[in-house]
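Novice: Give me a model of this one.
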Amino acid sequence: MELLHYMEKTTDEAAKQCKSGRVKKLHERVHEVRVSEEFGVKYMQAWEEKMYERLEGREEGLAEGHASGLAEGRELGREEGHANGLAEGRELGREEGHASGLAEGRAEA
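Specialist: From the prediction side, this is the model:
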């Protein structure tokens, strides 16, 4: 439990309240790392690299998503266009059939 408490509040006060020698040793190491300029520089470099990786990954994800959405949109557009073309063709066919029927009816009369 002491370790959990220390992990939640990694402070000098929390470390002093711990009876465990391991937790106190851990706190000493944490303190050394915090004040180490070398470690700070390495931490910032690692953080910066991760940030760039995330940005790059996000950009790749956006590009992949865009391409996927474009392909899906084109397919839906083709389907919609096909349906619209069928409807328009039916209407034109009706008009042509009507005109043909009128002409045929006039010829018989």
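Novice: so where's this structure uncertain?
Specialist: 6, 109 (pLDDT under 70).
Novice: Break it down into its domains, please.
Specialist: Annotated domains of the chain cover 1-35, 40-109 [automatic domain parsing].
Novice: any chance of those domains in a markdown table, with mean neighbour count too?
Specialist: Glycine gets a C-beta too; all of them are placed from N, C-alpha and C. Converted to a markdown table, these look like this (neighbours: other C-beta atoms under 10 Å):
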| stretch | mean neighbour count |
| --- | --- |
| domain 1-35 | 12 |
| domain 40-109 | 10 |
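Novice: Just the CA atoms of stretch 82-102, as CSV, please.
Specialist: Extracted C-alpha coordinates of stretch 82-102, given in CSV (Å, rounded to 0.1, in the frame of the first residue of the first chain):
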residue,chain,number,x,y,z
HIS,A,82,-27.0,4.4,-61.8
ALA,A,83,-30.3,4.7,-60.0
ASN,A,84,-30.9,8.2,-61.3
GLY,A,85,-30.0,7.1,-64.8
LEU,A,86,-32.5,4.2,-64.6
ALA,A,87,-35.2,6.6,-63.4
GLU,A,88,-34.4,9.1,-66.2
GLY,A,89,-34.3,6.3,-68.8
ARG,A,90,-37.6,4.9,-67.7
GLU,A,91,-39.2,8.4,-68.0
LEU,A,92,-37.6,8.9,-71.5
GLY,A,93,-38.8,5.4,-72.5
ARG,A,94,-42.4,6.2,-71.4
GLU,A,95,-42.3,9.4,-73.4
GLU,A,96,-41.0,7.6,-76.5
GLY,A,97,-43.5,4.9,-76.0
HIS,A,98,-46.3,7.4,-75.6
ALA,A,99,-45.2,9.3,-78.7
SER,A,100,-44.9,6.0,-80.7
GLY,A,101,-48.4,5.0,-79.5
LEU,A,102,-49.8,8.3,-80.6
